[in-house]
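Visitor: Sequence first, predicted coordinates after that:
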Amino acid sequence: MVPIRLAIVGLGKIAKDQHLAAIEAIEGVELVAVASRNASLESVASFHDISELLASDLQIDAVSLCTPPQGRFALAKAALDAGKHVMLEKPPGATISEVLALDAQAEAKGLSLFSTWHSRAAAAVEPARVLLAERTIRKVHVEWKEDVRHWHPGQDWIWEPGGLGVFDPGINALSIVTRIMPESFHLVRSELSFPENRAAPIAASLAFETASGLPVTAEFDWRQTGPQTWDIRVETDEGPVVLTHGGSRLSVDGKDQIVEEDREYRNLYKHFVSLVGERRRDADFSPLIHVADAFMLGRRQVVEAFDD
Ligand code: NAP
């Protein structure tokens, strides 16, 4: 199989932490370029931005967009206009309408668009989904609490409109819950805590209901120091099904089932290779829709200023 010739756009934290190693580790994709205003790689062609990349005579088949969500639409549109397949970091964009427009454009051009949710590719998610399809669920509770200073040092974009604030990690939890739940759910209450000097929330308390009336609650907080919490607890008639460590570990009825090393990004790129091979799209925007609802229905309270 001829590997997909891929360019990364936005060589920042996640591209360096995860994408480069994942691309190196799997077959079917080869990194041939990066486009980043302030970073480059010696091993491949480096361009200042996507316009320079697309105007060059370097042959590429696909781009992987690792920039912040604000501004991602213009980059994805430029890539699709140029006939390239596109892989989007999460969240896929800054608005619902822009990501729907990208999906429609990809469909019209017969190109692959992959709206990734890395947490969905964690080891415990698929086993939990299969198990929950067979069980009677009573309620779901999510605790997603981390230290923003540790995980997002100096990232100004994350506090700007469209950066999502605490929903930047919180959307990862929603990407798992939307995957493992056998039925859909919708938001009924949202309380958002905005630092007085920031345009995005630092904490959120959410309540959803499934179509059959079951409660799904979530607490997101960026002020947690010490041990970090990325847990989803599903109470079922037979006992609790609990995902911890961001979906990489699973406990069923009090017994540990899965403790596995992180393979999320390798799984994402394998899936992208198969999507491109079959000219298919994978664009489930439901986690972003829930976040948009949380802003739309959100009761806002102002809390202490936050400084990095
Ligand atoms: P980051 O460290 O700020 O890197 C993003 C890169 O995009 C920057 O280094 C920058 O490179 C480029 N860029 C282009 N336009 C930009 C703009 N207007 N403002 C800031 N940077 C811009 O961010 P990141 O943590 O890698 O996050 C990127 C995406 O990955 C986000 O959607 C995030 O949710 C997702 N993600 C992050 C993590 C994580 O742990 N950090 C985990 C999973 C997913 P140049 O200046 O060189 O152009």
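Guide: Perfect, I can see it now. Residues are numbered from 1 along each chain as shown.

Visitor: Now do the helices in this protein.
Guide: 13-14, 20-25, 50-55, 72-81, 96-109, 125-132, 148-151, 167-180, 264-277, 286-296 (DSSP state H).

Visitor: right, is the second one up against the ligand?
Guide: No. For helix 20-25 and the ligand, the contact criterion (CB under 6 Å from any ligand atom) is not met; the two come no nearer than 11.7 Å. Placement of C-beta: from N, CA and C, glycine included.

Visitor: what do you get for the last one?
Guide: No. Legend: contact between helix 286-296 and the ligand by CB under 6 Å from any ligand atom is lacking; minimum distance shown is 11.3 Å.

Visitor: Would you mind listing what in the protein touches the ligand?
Guide: Near the ligand, when you scan the chain using CB under 6 Å from any ligand atom, you find 10-15, 36-39, 66-69, 71, 89-90, 118, 151, 155, 157, 168.

Visitor: Mind giving me the PyMOL select for the residues you listed, buried ones only?
Guide: Filtering the residues of the chain next to the ligand down to the buried ones (16 or more other CB atoms under 10 Å) takes a single PyMOL command:
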select buried, resi 10+11+12+15+36+66+67+68+69+89+90+118+155+157+168
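
Visitor: residues in contact with G246?
Guide: S119, A122, N172, W230 (CB atoms under 8 Å, 6 or more residues apart in numbering).

Visitor: now the residues you listed as TSV including neighbour count?
Guide: Converted to TSV, the contacts of G246 look like this (neighbours: other CB atoms under 10 Å):
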residue	neighbour count
S119	26
A122	27
N172	23
W230	22
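
Visitor: ok, the residues you listed vs the ligand, which is closest?
Guide: N172 (7.5 Å; CB to the nearest ligand atom).

Visitor: That closest one: what's it in contact with?
Guide: K90, W117, H118, S119, W144, W230, G246, G247.

Visitor: could those residues go into a markdown table alongside pLDDT?
Guide: Below are the contacts of N172 laid out as a markdown table (pLDDT from 0 to 100):
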| residue | pLDDT |
| --- | --- |
| K90 | 98 |
| W117 | 98 |
| H118 | 98 |
| S119 | 97 |
| W144 | 98 |
| W230 | 98 |
| G246 | 95 |
| G247 | 95 |
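
Visitor: Keep only those of those that are in strands.
Guide: W144, W230 (DSSP state E).

Visitor: which of the helices of the chain sits most buried?
Guide: Highest mean neighbour count of those: helix 167-180, a mean of 24 (counted as mean count of other CB atoms under 10 Å).

Visitor: So for that helix, mean pLDDT?
Guide: Mean pLDDT, helix 167-180: 98.

Visitor: go on, stretch 1-15?
Guide: 96.

Visitor: end-to-end on it?
Guide: With CA to CA, to the nearest Å as the measure, the ends of stretch 1-15 fall 25 Å from one another.

Visitor: Over to stretch 38-54?
Guide: 18 Å.

Visitor: can you tell me the average pLDDT over it?
Guide: pLDDT averaged over stretch 38-54 gives 97.

Visitor: one step back: quick one: which of the helices of the chain is nearest K255?
Guide: helix 125-132 (12.3 Å; CB to CB).

Visitor: ok now that closest one, how far from the chain's centre?
Guide: Centre-to-centre, helix 125-132 and its host chain are 19 Å apart (CA atoms, centre = their mean, to the nearest Å).

Visitor: Could you do stretch 2-15 as well?
Guide: 16 Å.

Visitor: Now the closest residue to the ligand within the stretch 101-250 of the chain. Nearest residue, chain neighbours left out?
Guide: When distances are taken as CB to the nearest ligand atom, the stretch 101-250 of the chain reaches nearest to the ligand at W157, 4.5 Å away. Distances taken as CB to CB, 6 or more residues apart in numbering put P68 closest to W157, at 4.1 Å, once the chain neighbours are dropped.

Visitor: residues in contact with that neighbour?
Guide: Here P68 is in contact with G10, Q155, W157, I158, G162, G163 (CB under 8 Å, 6+ apart).

Visitor: Do you know the pLDDT at the second one?
Guide: Read it as Q155. Reported pLDDT for Q155: 93.

Visitor: gap between it and G12?
Guide: Computed as CB to CB, to the nearest Å, the Q155 to G12 distance reads 9 Å.

Visitor: L65 now?
Guide: From L65 to G12 the distance is 11 Å (CB to CB).

Visitor: what's the pLDDT at D262?
Guide: At D262, pLDDT is 76.

Visitor: Next up, the contacts around it.
Guide: D262 neighbours (CB under 8 Å, 6+ apart): A122, S248.

Visitor: which phi and psi does it have?
Guide: Main-chain dihedrals, D262, degrees, to the nearest 10: phi -70, psi 120.
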